[in-house]
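>>> Here is the input, now give the coordinates:
(2 chains)
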Number of protein chains: 2
Amino acid sequence: MNGAQALLRTLAAAGVDVFFANPGTSEMHLVDAIGKSDGMRAILCLFEGVVTGAADGYGRMADRPAATLLHVGCGLSNGMANLHNAKKAHTPVINVVGDHATYHQQYDAPLATDVPAHARIFSDWVKVSASADDLAASGTDAVGAALRGSGKIATLIVPANHAWEPAGTPRLLPVEKRAEEMPPPLLEEAARLLSNGKRTGLVMGGRGLRAEVLAVAGGICAATGASLLCETFPARLQRGAGRVPVARMPYFAEKGVAFLAAFEQLILVGGRVPVAFFAYPGKPSLLAPPECRIFTLATTDDDVPGAMTALSQILKVDARPVALQSKRRVPKPQGALTPDAIGRSLCRLMPKDTIVCDEGITCSQPVYAATEGGPPHDWLAVTGGAIGIGLPLALGAAVACPKRKVVALQADGSAMYTVQTLWTMAREQTDVTVVLLNNSSYAILNIELRRVGAEKPNAKTLSMLDLKQPAIDWVALSHSMGVAAVRVDSAEAFDREFEAAMASCGPRLIEAVVPQTLDRIFG
Amino acid sequence: MNGAQALLRTLAAAGVDVFFANPGTSEMHLVDAIGKSDGMRAILCLFEGVVTGAADGYGRMADRPAATLLHVGCGLSNGMANLHNAKKAHTPVINVVGDHATYHQQYDAPLATDVPAHARIFSDWVKVSASADDLAASGTDAVGAALRGSGKIATLIVPANHAWEPAGTPRLLPVEKRAEEMPPPLLEEAARLLSNGKRTGLVMGGRGLRAEVLAVAGGICAATGASLLCETFPARLQRGAGRVPVARMPYFAEKGVAFLAAFEQLILVGGRVPVAFFAYPGKPSLLAPPECRIFTLATTDDDVPGAMTALSQILKVDARPVALQSKRRVPKPQGALTPDAIGRSLCRLMPKDTIVCDEGITCSQPVYAATEGGPPHDWLAVTGGAIGIGLPLALGAAVACPKRKVVALQADGSAMYTVQTLWTMAREQTDVTVVLLNNSSYAILNIELRRVGAEKPNAKTLSMLDLKQPAIDWVALSHSMGVAAVRVDSAEAFDREFEAAMASCGPRLIEAVVPQTLDRIFG
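Next up, the predicted model:
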């Protein structure tokens, strides 16, 4: 057995069963070992950003890590933006990165890179294997590191000779999920705050946005008068009819300030201190009023569900009725194809347990609003602001949940970052419906340009935010990679095509020609 | 005037006249300033790897830097692999990277990243502007840093508030190119080595591979019996009929060892110590014989052309005839479409001063061999081994040299990394003919898998190296982004289409369906 094979054994024993891969020469023994590892699924992606974004989607839905296979520092850097998103989503991910053989690293070969320096930027845990024999134990450690709290990014760097040199039979150790339990004084302080009569918000995040935790949180809110809030871009929010509603924070700083103006206390339960996404001239960075007390009950490293249950017990929350999202009946949309019309079709037609991967950018908010009260579903957002994750996220979610429908709500500019994902969707026949929102623009930047106070932009300035020249033919692009596609420009046509997509299986793309939305974004 | 406008003034004054851009919100004032900077060309690319690869192509051909406009750490990471290639090519590049406003960085907003940590990985020079007023001088410094030696990667990080805050009128300073002059003792030692009767190779690199420097080097070789060698993957090699031939080192370690076996001395003139691209079990990392003396006359930081002229004078090289590549007459290729047939069409049909951007991977060598003795042309290779640079390199080269034909010799797997480049080629109507070498495989990895000693690969292993399922329709893909395209599968059809491409102007793609080449690579 060589080091690569030993590593594969411990990864499989620890419950890892999918590799998203884009290998190079230094990973050939790992490729060979993956090929020979029974039950380990190997999914080839044609760019590393697809690999890492898919691992994020998989981890968000499976609550356990997929592995990525990446090639030296350059492969890692190509996948880094989506690992940034995964880190902000607190997704468990294991990166297995090949490097030059230890003795070869001194020679500054063309692909010589400082792989650990790359890895440290986004990883919570980094290790370079010490030997072939060390690889198996390192694999177990990587899984353990990835499963800490809600989830962490663990990166194991494998010099090529460690993969090919002989290794002993590995000890197969069980890996346990670990999340910190809440200290009672913290819980008691939270309970005291919730009982002091002040206007209070519970800022939920991480596992706090799962339906069963929201149900407990909803009970606490009903009993105490607190409001249930969540981050603008949740990693995974369970919503829809019969579930407890959560108010999502608005995107723009000034709207966030207005949204939080009345709160005297915010209790963070997996959520974070509300801050503006970007700084703008003359606008604040912190969104809560200066006198608002912010109390951290639990971070994503803690046992958020346990914290809510314990808090509910301390508060002696009885079974009083909690406001739930009521089921919404939506008539067939008609007329112009707007994001709102698209949202109404989703609300009407998507089956229970659909996973919506949202990189709709300026088109998101109307779709989000229109699907409130739709069938219960999971909503996955761009957590770290790095665009190019929507399609990979949908790919990974579909691999994790092959029996659930996945809808990728996908803006055009962002889609181009990792458009290669379509090929892997076709190859794996994942059940993803891509709703490609074609407004032929980096619309968000057209808004931001005005918001930051740039004066009278001229044609050259605007050309840097425009995707019209030439127009991208999304149907041809999708076909070129083996994904069935159709273009629609009316609400009726979209509804018809979306209905057909929901009634069938496998990947397809609906190019929805929508107008630029230049006003409201994320509430 | 704000900081962004002051920066644009100094960049323009220092001779920078192109920005390849993929901006985000934190760069909006820079976008506005670029828009309003007369004579500054703004070229939008739909992914950062396109931006940086294009800047590399531009810098290699223009010998002065283009600027890139990138968005925080995630934008930088997306462009990092091609900056690695640019660094290995010693190309002058200026990255202008926006970051959060200084006062906003403390809040860990979703896109908060350690931008300097990203930049340090591949940059020769990194600076974070100290204030709006500091931006102009920083711009001048960045240009100076980029022009050191053959060229350097200079990265200027601009917090958003420095771009929008007021700045004084900048002092416009001239920027001088700097390369170290050669100390006489080094030149004398090189002359002594060349006269000692031992078998000697001159390993040329950087500016040493320009026609006029090769002419001088050829004279030295004719006078002393030395051989003219170059790196496997030169940044820019001027070759073709009437130019001095250079022997390119083979790619595979064992072939490199055989190639260098007879040499007793290697003199590096912009070239590097020959090392294996990768380590392989049981094969050496260093390619020259252990007893071979390696003497560094000049690095890419030095004045390589000056060194060759001075050496030629010390050696009193007279005008004795130098062996030149003789013009090759090639009949119209017929029959199966092979890389060799493609090379013969190039040799036959490409006009003088064509720029060949070579990311042909396993198909490269036959095309390279067949174009020896073709019309004088520049050959640009993948210097750092990070794939996905071929199309961007061609884009940038075409922007730098709008009157020259550019041929992108492009493997399919690598093309998918930065396939978004086609859109910018269409938008800018660059005169690039993409020869898309479709073998539906990561063919190089199929070779490497066997070479590293992986035993009997099974179907799952091989699936990680295969692009057949589904087949990519390159004609549709190209059309979807506005680039005319055609598919050919015979030598005659390729020749006809290539002839048509050479006779017309503007971007087009020829999908050449070629067999997998599983034996010889780069000699």
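
>>> How many neighbouring residues does the residue of the stretch 351-500 of chain A at minimum distance from chain B have?
At 2.7 Å from chain B, residue A:461 is the closest residue in the stretch 351-500 of chain A, using CB to the nearest CB. No exception for glycine: its C-beta is placed from N, CA and C like everyone else's. By other CB atoms under 10 Å in any protein chain shown, the residues close to residue A:461 number 19.

>>> ok, and it, which helix or strand is that part of?
Using DSSP states H and E, residue A:461 sits within helix A:459-463.

>>> then that helix to PDB, C-alphas only?
The C-alpha coordinates for helix A:459-463 follow below in PDB (Å, rounded to 0.1, in the frame of the first residue of the first chain):
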ATOM      1  CA  ALA A 459     -19.800  55.600 -21.900                       C
ATOM      2  CA  LYS A 460     -16.300  54.100 -21.200                       C
ATOM      3  CA  THR A 461     -17.000  53.800 -17.500                       C
ATOM      4  CA  LEU A 462     -20.400  52.100 -18.100                       C
ATOM      5  CA  SER A 463     -18.800  49.800 -20.700                       C
END
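
>>> Touching it from outside, list them.
Contact with helix A:459-463 is made by A:446, A:449, A:454, A:469, B:31-32, B:34-36, B:42, B:44, as judged by CB atoms under 8 Å, 6 or more residues apart in numbering or on different chains.

>>> One more pass at 7 Å, please.
Residues from elsewhere that reach helix A:459-463, judged by CB atoms under 7 Å, 6 or more residues apart in numbering or on different chains: B:31-32, B:35, B:42, B:44.

>>> With stretch A:214-234 instead?
Among residues not part of stretch A:214-234, those counted as contacts by CB under 7 Å, 6+ apart are A:194-195, A:200-205, A:208-209, A:237-238, A:243-244, A:246-251, A:271-272, A:308-309, A:311-312, A:315, A:317, A:320, A:322, A:379, A:381-383, A:522, B:110.

>>> Mind jotting down where the strands sit in the stretch 201-350 of chain A?
A:227-230, A:237-239, A:247-248, A:265-269, A:293-298 (DSSP state E, counting those that start in this stretch).

>>> Make a markdown table out of those and add mean neighbour count.
Converted to a markdown table, the strands of the stretch 201-350 of chain A look like this (neighbours: other CB atoms under 10 Å in any protein chain shown):
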| stretch | mean neighbour count |
| --- | --- |
| strand A:227-230 | 22 |
| strand A:237-239 | 24 |
| strand A:247-248 | 17 |
| strand A:265-269 | 25 |
| strand A:293-298 | 20 |
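
>>> which one of these lies closest to residue B:410?
Closest approach to residue B:410 among the strands of the stretch 201-350 of chain A is made by strand A:237-239 (42.1 Å; CB to CB).

>>> In the sheet, which strands lie alongside that closest one, parallel or antiparallel?
According to DSSP bridges, strand A:237-239 has the following sheet partners: strand A:377-381 (antiparallel).

>>> Determine how far the strand it pairs with lies from the middle of the whole chain.
Per CA atoms, centre = their mean, to the nearest Å, the displacement of strand A:377-381 from the mean C-alpha position of its chain is 9 Å.

>>> Return the set of buried residues in it.
A:377-381 (16 or more other CB atoms under 10 Å in any protein chain shown).

>>> As TSV, these with pLDDT would be great.
What follows is the buried residues of strand A:377-381, written out as TSV (pLDDT from 0 to 100):
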residue	pLDDT
A:377	98
A:378	98
A:379	98
A:380	98
A:381	98
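
>>> Closest to residue A:93 out of those residues?
residue A:380 (14.6 Å).

>>> Would you mind listing the residues in contact with that closest one?
A:60, A:235-236, A:355-358, A:393, A:397.

>>> any idea how far it lies from residue A:389?
Computed as CB to CB, to the nearest Å, the residue A:380 to residue A:389 distance reads 9 Å.
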